[in-house]
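**Student:** Predicted model follows, preceded by the sequence.
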Amino acid sequence: MTPGYLLRRTVRLAVSLVVLVTAAFLMIHMVPGDPVRAALGMTASPEVVAARRESLGLNDPLAVQFATWLRGLATGDLGTSMVSGLPVAEIIAVRLPSTAVLALLAFVVVLAVAVPLGLAMAVLTRGGRRRGAELGFTSTSAAVAAVPEFLLGVGLIFVFGVTLGWLPVAGRGGPESYLLPVAALSAGPAVALARIVRVEALAVLGSDFVRTARAKRLPAWRVYGRHAFPNALTSTLTISGMLLSSMIVGTVLVEVVFAWPGLGRTFVESILAKDYPVVQAVVLLYGAIVLVVNLVVDLLLAVLDPRSTLPEA
Amino acid sequence: MVRAQLLAAGRTPVGAVAAGLLLAFLVLAVVAPPLWQDAADRVDTAAMLQGPSSRHWLGTDALGRDVLLRVLVATRFSIGLALAATLISVVLGLVFGTLPTVLPRPAGRLVVAGINLAIAFPGLLLALFFAAVFGVGARGAVLAIGIAGAPAFARLVHTMSASVAGRDYVAAARVAGVGRTRLIARHVLPNIGEPLVVNATLAAGGGLLAFAGLSFLGLGVQPPAYDWGRLLGEGLGRIYLNPAAALAPGVAVVLASVAFQLGGEAVAQAVGLRTPLPRPAGPAPTTTVDVAGTGPAPTSATADGGDAGPPTGGAPQRPVLAVEDLRVSFPTASRWVHPVDGVSVTVAPGESVGIVGESGSGKTLTALAAAGLVPGPGVVTAARLEVAGVRVLGRSERELRRLLGTSLAMVFQDPSSSLNPSMRVGRQLAEVATVHQGARRRAAWAQAVDRLRQVRVGAPERRARQYPHEFSGGMRQRAMIAMGLMGTPALVIADEPTTALDVTVQREVLRLLRRVQRDAGAALLLISHDITVVSQLCRRLLVMYAGRVVEDLPAAGLAHARHPYTRALVASVPDLDTDRERPLATIPGRPPEPVAGRTGCAFAPRCRYATGQCRTRDPHLVTRSDGHAVACWHPREDP
Amino acid sequence: MASRSTAVSVLAASALVLTACSGDGSDGGGGAATPVEDGTLVTAVAGDPGNLDPHMTVLALTRYVGTYMYDQLILIDEEGELRPWLAESWQEEPGSVTFTLREGITCSDGSPLTASDVAANVDFVADPANQSPLLGLWVQPGVTTSADDAARTVTVTAGSPDPFLLQGLALLPIVCAAGMADRDSLAHSGNGTGMFTLEEAVPGERYTFQRRDDYAWGPDGASASDPGTPATVIIRVVPDESTAVNLFLSGEVDLLAVTGPDQDRITAPDVRRYDVRTLFSQLIFNQADGRPGADPAVRRALVQAVDWDEVGAVMTGGKGQPPTGLGVLEPKVCPADTVTGTIPPHDPAAAATVLDDAGWVADGGVRSRDGEPLALTLVYSSEAGSQLAAGVELVSQRWQELGVEVELRPVTSVQANEVLFGTGAWDAVILSLNVAFPSQLTGFFGGPPPPDGTNFGAIANERYTSLTAAAMQQPGAAGCGDWAEAERALIGAADVTPIVDSLLPYFADGVELRLNAGSPAPPTLRLFTR
């Protein structure tokens, strides 16, 4: 990994963030509706609505609003939510951790399940062995991956929370309260990733350099552990990066089902309520997370697979 | 072509399941609305919000309508919506994916950057955003999901069209002055159609789920229209009162999505976009004739067949490779085939033996079998199979490692793929020493550097720390050879070691192989389609055809080859004496596919000397007193 | 699974929900319950209250969370009777009202509550510069105050005729002096005289309150030392109603309002149920120039074509009640039935005749007049649940049977405000609009249309305007006759058609309480063994 590579990636990250922020600003202004009237209620007099609009700067041209927001951003002021009246920075500070913990736990579970499962299935079914197991794995995993997480969440609550009463039906509490949301969030991605890992691992197992490793008469663990799997996991790593960022962002539906006090729910509500300050800040945050995770993945890749740092043709 | 692939996809178990499901949904989408539309829309407020009963199997909704019928009728709309959204994704993806090719370079790069940014952002959030912009309802949801799915297609189209645009015929078209737009329409798009269709199928499955998610948040289809998402949303609101009403649309969504995704994957496998299935076992027989050339019948070569002495002449040494009646079998759908079918080879210590033959003749498999490396599900049987005096068959991997660890070295065809791309070259060499000789890391490293030096890799200390991609092709092959030298090989098996290399580099590598063989005193089994290469390096040649050895002769006696096939091979090689004015010799016809059983000589269909006997009776390898063996009913004597 | 937060907050609910009450503390538990001392009560709300400043919000759930920290001057009980709370007595004069505060009231910071403090609350809301959304709701523009700390009296004088001055002021949460001086502090904590203080706030998850043991100024003398008062109250944020009911059934929540179908799951005989009745939905036409609703015949025909009882049953899953008036929350100051016999009766044939007579003739399905098809855009909330949507669907079906082309247009709450007050691209709306007093409806059903006013339907009903003008001149219940007649004028002209009342039940498991303006009054919460 060269300093030039690092610099290139960092510049690209910064440019991406600027584009993202601008896009978010423009998009939220395309959402039809009047957030001020909605926040104040139908009974509010036109004068109060107009006054609030003025004080929020909503009568300014978009460019001025954008400049104002950017200025605030530079000083660390993300603005105030129009709906809840709370500073946006505070909303994020309170909500992000619970979302992040949920997503990270689910991500760990996904990796812990998908990588061994995918590798094991690849080894078991390599070279067309065990067709039955392959068919079972493929169809089962396709079915599990196709169940939307909110449906799975409702189903899990129905069975383990309400019917059996083994686990809390909702809310964040002790360690046991994490079980169902994490399970709902990770089941689909885990099997989906396991399929990818298997396919990648199969491709690598059939590759020439693994044959070379076998020809060297290395022990099986060394053939798999040193030669096959690290190469199978480079593309898995790329996908995992996208997975992690999508999990942080994608907890939305699960948060609703499990009454989880996270940021995803806030984001959805803010979009619907056209609560610009919150939406812009959250988009910026999510974008930063996504991009930083991707950057980290690329850096990891650069370490694992030196070819990846070559400038694109 | 595409139809054949679809049929092939349908024959896999996964494909069959997907096809069955898709067909069922298709039928439902066609017949359900005309059959049950009216019944499903019949309002009966007296029967509202009922649980399952014999009249309403899944209960009724808030207007007393039958939930089951509504789920069935909704099939058409639900799938239609998913397809519409996918269509939008594909169209937008095509537009934005081809823009970088059409636009001036800076603008194109900007578009690519935009695509990469958009693709990093989760689709559901984009869809949410767009749903808010376009308003709740079917139109907004289709647009939202369609647009949210576009970046993935844009990237696909961009990547694929970039690769297609790099191909020769497109370059040729460009040189010929074909405009960019026309280039895309005529040359690029037709070539990316298949992967696009496959990905669209996968996306349609995902689209169904996305609609369900939007409906869950209240942003999906709105009354009076209904899709599975809306029915699911309604059902979930009362899931604890009537679970069936939520379960049915949920199952429908999941099943349909699975059908689309499995279908897409099955087609992808058949098309060969990805290889979720293991690659066809072993080197599959192909129809290419490596020994190419154009021209009339083989010219004849002459030599007397007496001067090459028997290879093991003199000392009754124990052979380093002893193979008798080797058979490698692979299962196909209906039966076993034998790409290697009764091969016997003996290699004495220090001897160099070459195996020549066209692709698919079984020479590589023979080498792999000798090394115990035939990939599953291939099965190896032999009357005798010994390497360096060690019986290979029936031994555990662990025993072979102990017994063969350092005495057998292999060099493969493509040095660019035969080295582990993510491991330093030095370590790949060193691990042989650490594993088999229990060497310490430092010592093993030193040995690796030494071996690299031995194969004439410049600055070996530095090179050892590099990765394979930093090596040139020839240098990689030398590293492979060095890897074999880490032990004390009694036998080096080199499988097409020069085929992937430049001509100049080829010579270097061959020279190196010869030197190594000499220095290490190892025997060499060289496999190649190139009879010239083999004859330069080996004292004895085995000619393989259709899984059998058809001739075993001294390299020096090539001119006196007796099998018509060998003669044809020799004739197809141009040399200084070849008349440049005349077209090159060629072997008419193609090598046969490996089949279960055969009658007669496999070469007979291509052989100008074939007789009825050739077609009915299989010739056996008959060894002459001078060791020259041939399997032919009508061996050629000197011309 | 429509999220409850949205179901509660939409169109209507943003303005209202807060006030008036009716309640029917059906005592299902039998008499053997014994009080639980210093127990913990857990209740749930559907969304996060956000900024807790009680003067800067109209969100129902923010206001509800606030009631634990802030008292009111007067409690309005289930029958609409006014009960002393912070004010031990009050005196109504024409155009003004004087409250006398109870003695010994202290704030959570220990300081005493003075008459001037109360006056400062009213002044704050009344000052337009402060942009309080309560201005116009409970405190009308132009009010002035005077306070006598020694006599503990506050006098509030209306700037314009306001028949419900007393009732409005009764509902104002009273903030203590320190809080008024430092408004920012009110966003996350409380400074009031309530029986509870905010111990810990975890936004989006839970709000924990502790009892003030010195509290002794509750409604009708309720105090912290009464048997069964909870030492701790936890308000959990549970956005999904099914989830909330799951929690209630598993015993993790003791007190819960349930708007949706999941109420059917709560069947335990010893769970108490307190119902609050509200007008669930009403139909309003856009009478702006060029809109079909401007034609009285069209309005009448559209109303007559539909069996509103049937629609009401669908919208409430059969649990609704026939409406008795416009959207004024229970307990109503003027409890007259203005609906029965006033709505144009259900008669599809008559409806068709009305349209025929008015020149809207059916020609192959859709009626038209002068080449103009009778096409309507019917707007409703996309966030109010599938039963409302089903009811709307039924309405549109009936209208289509009449030969009217109907386009359903579901909107979110922000879009609703944009459509109704902005673009005007709608013909009929089915919404839930409820207010505390009849006087607050006059701006919606009369006066200038947007952008100058809030008469979004451009209703021009002269009889309603003149009757309400007369009623505004009479204090409180004295004008009820005129208010009722005014409502009948609107309903009879098919300007506004109430569709169905819903019963919003509070389920209480091991909890007893009294309702204050349709919402549990925290100082009256008592825990009992189940």
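**Tutor:** Happy to help now that I have it.
**Student:** for chain C, what are the nearby residues on the stretch 201-350 of chain B?
**Tutor:** The stretch 201-350 of chain B comes close to chain C at residues B:216-219, B:222-224, B:233-234, B:236-241, as judged by Cβ under 8 Å from any Cβ of the partner chain. (C-beta placed from N, C-alpha, C; glycine too.)
**Student:** let's go with 7 Å and repeat that
**Tutor:** Proximity of the stretch 201-350 of chain B to chain C (Cβ under 7 Å from any Cβ of the partner chain) is limited to residues B:216, B:218, B:222-224, B:233-234, B:236-241.
**Student:** Going by distance to chain A, which of those residues wins?
**Tutor:** Taking Cβ to the nearest Cβ as the measure, chain A lies nearest B:Phe216 of those, at 5.4 Å.
**Student:** if I read this right, B:Leu326 contacts B:Ala369, doesn't it?
**Tutor:** Yes - at 5.8 Å, B:Leu326 counts as touching B:Ala369 under the criterion of Cβ atoms under 7 Å.
**Student:** longest single helix anywhere in chain A?
**Tutor:** As assigned by DSSP state H, the longest helix anywhere in chain A is helix A:88-125.
**Student:** Can you give me the buried ones in it?
**Tutor:** For helix A:88-125, a neighbour-count test (16 or more other Cβ atoms under 10 Å in any protein chain shown) marks A:88, A:90-92, A:94-96, A:98-100, A:102-103, A:105-107, A:109-111, A:113-115, A:117-119, A:121-123, A:125 as buried.
**Student:** wait, does it make contact with chain C?
**Tutor:** Yes - applying Cβ under 7 Å from any Cβ, one finds helix A:88-125 touching chain C at A:94-95.
**Student:** what packs against that helix?
**Tutor:** Identification of packing neighbours for helix A:88-125 by 3 or more Cβ pairs under 7 Å, 6 or more residues apart in numbering or on different chains; DSSP states H and E yields helix A:131-146, helix A:176-205, helix A:229-250, helix A:263-272, helix A:276-304.
**Student:** Least confident of those helices, on average?
**Tutor:** Note on the helices and strands packed on helix A:88-125: lowest mean pLDDT is at helix A:229-250, with a mean of 74.
**Student:** C:Gly446 contacts C:Thr465, correct?
**Tutor:** Yes - using Cβ under 7 Å, C:Gly446 is in contact with C:Thr465, at 4.7 Å.
**Student:** Compare neighbour counts for those two and give me the winner.
**Tutor:** C:Gly446 (22 against 17; other Cβ atoms under 10 Å in any protein chain shown).
**Student:** if I look at the more buried one, how far off is C:Gln167?
**Tutor:** Distance of C:Gly446 to C:Gln167, computed by Cβ to Cβ, to the nearest Å: 21 Å.
**Student:** just B:Ala40 next, same as before
**Tutor:** 50 Å.
**Student:** Next: B:Val188.
**Tutor:** 74 Å.
**Student:** Was I right to think A:Thr236 contacts A:Arg195?
**Tutor:** No - counting by Cβ under 7 Å, A:Arg195 is not a contact partner of A:Thr236; they are 10.9 Å apart.
**Student:** List the residues that contact A:Arg172.
**Tutor:** A:98, A:260-261, C:205 (Cβ atoms under 7 Å, 6 or more residues apart in numbering or on different chains).
**Student:** hmm, try it at 8 Å
**Tutor:** A:98, A:178, A:260-261, C:205 (Cβ atoms under 8 Å, 6 or more residues apart in numbering or on different chains).
**Student:** Looking at those residues, spot the one nearest chain B.
**Tutor:** A:Trp260 (15.2 Å).
**Student:** Just say helix, strand or coil for that closest one.
**Tutor:** Following DSSP: H, G, I helix; E, B strand; the rest coil, the label given to A:Trp260 is coil.
**Student:** burial of it, as a residue count?
**Tutor:** 30.
**Student:** Would you check that it makes contact with A:Leu180?
**Tutor:** No - assessed by Cβ atoms under 8 Å, A:Trp260 is found out of contact with A:Leu180, at 10.4 Å.
**Student:** measure C:Phe124 to C:Asp53 for me?
**Tutor:** 10 Å.
**Student:** Likewise for A:Ser177?
**Tutor:** Plainly put, A:Ser177 is 31 Å away from C:Asp53 if you go by Cβ to Cβ.
**Student:** Between these two, tell me which one has more neighbours.
**Tutor:** C:Asp53 (21 against 17).
**Student:** where does the stretch 1-150 of chain B dip in pLDDT?
**Tutor:** B:1-11, B:120-122 (pLDDT under 70).
**Student:** Show me where it has its helices.
**Tutor:** B:2-11, B:13-41, B:67-102, B:105-120, B:123-134, B:138-165 (DSSP state H, counting those that start in this stretch).
**Student:** quick one: which of those is nearest C:Ser223?
**Tutor:** Closest of the helices of the stretch 1-150 of chain B to C:Ser223 is helix B:123-134, at 49.1 Å (criterion: Cβ to Cβ).
**Student:** ok, and what's touching the closest one?
**Tutor:** By Cβ under 8 Å, 6+ apart, helix B:123-134 touches A:27-28, A:30-32, A:249-250, A:252, A:267-268, A:271-272, A:274, A:286, B:118, B:140-141, B:143-145, B:147-149, B:152, B:206, B:210, B:213-214, B:217, B:219, C:412.
**Student:** of these, buried ones?
**Tutor:** Those of the contacts of helix B:123-134 that meet the buried threshold are A:27-28, A:31-32, A:249-250, A:252, A:267-268, A:271-272, A:274, A:286, B:118, B:140-141, B:143-145, B:147-149, B:152, B:206, B:210, B:213-214, B:217, B:219, C:412, by 16+ other Cβ under 10 Å.
**Student:** where does the stretch 501-639 of chain B come near chain C, residue by residue?
**Tutor:** Residues of the stretch 501-639 of chain B lying close to chain C (Cβ under 8 Å from any Cβ): none.
**Student:** Tell me where the stretch 501-639 of chain B is predicted with low confidence.
**Tutor:** Scanning the stretch 501-639 of chain B for pLDDT under 70 picks out B:574-591, B:593-598, B:638-639.
**Student:** Which residue does it have closest to chain A?
**Tutor:** Closest point on the stretch 501-639 of chain B to chain A, by Cβ to the nearest Cβ, is B:Leu525, at 13.1 Å.
**Student:** pLDDT at C:Ala436, what is it?
**Tutor:** Confidence score, pLDDT, at C:Ala436: 84.
**Student:** Count the residues that sit near it.
**Tutor:** 26.
**Student:** right, and it touches C:Leu171 too?
**Tutor:** Yes - contact between C:Ala436 and C:Leu171 holds when scored by Cβ under 8 Å: they sit 6.8 Å apart.
**Student:** pretty sure C:Thr497 is in a strand, no?
**Tutor:** Yes - using three-state DSSP, the assignment for C:Thr497 is a strand.
**Student:** Contacts only, for B:Ala382.
**Tutor:** Counting by Cβ under 8 Å, 6+ apart, B:Ala382 has contacts B:323-327, B:369, B:393.
**Student:** From C:Gly80, how far out is C:Lys332?
**Tutor:** 7 Å.
**Student:** Looking at these two, which one has more neighbours?
**Tutor:** Between C:Lys332 and C:Gly80, counting by other Cβ under 10 Å, C:Lys332 is the more crowded of the two (21 against 18).
**Student:** My guess is that one contacts C:Gly325. True?
**Tutor:** Yes - using Cβ under 8 Å, C:Lys332 makes contact with C:Gly325 at a distance of 6.9 Å.
**Student:** how about low-confidence regions in the stretch 1-150 of chain A?
**Tutor:** Within the stretch 1-150 of chain A, the ranges that satisfy pLDDT under 70 run A:1-2, A:127-128.
**Student:** quick one: pLDDT of C:Ser96?
**Tutor:** Reported pLDDT for C:Ser96: 93.
**Student:** what are the bridge partners for it, then?
**Tutor:** In this entry, C:Ser96 is beta-bridged to C:Glu93, C:Thr157, by DSSP bridges.
**Student:** quick one: contacts for it?
**Tutor:** By Cβ under 8 Å, 6+ apart, C:Ser96 lies in contact with C:155-158, C:165.
**Student:** All good on my end, thank you.
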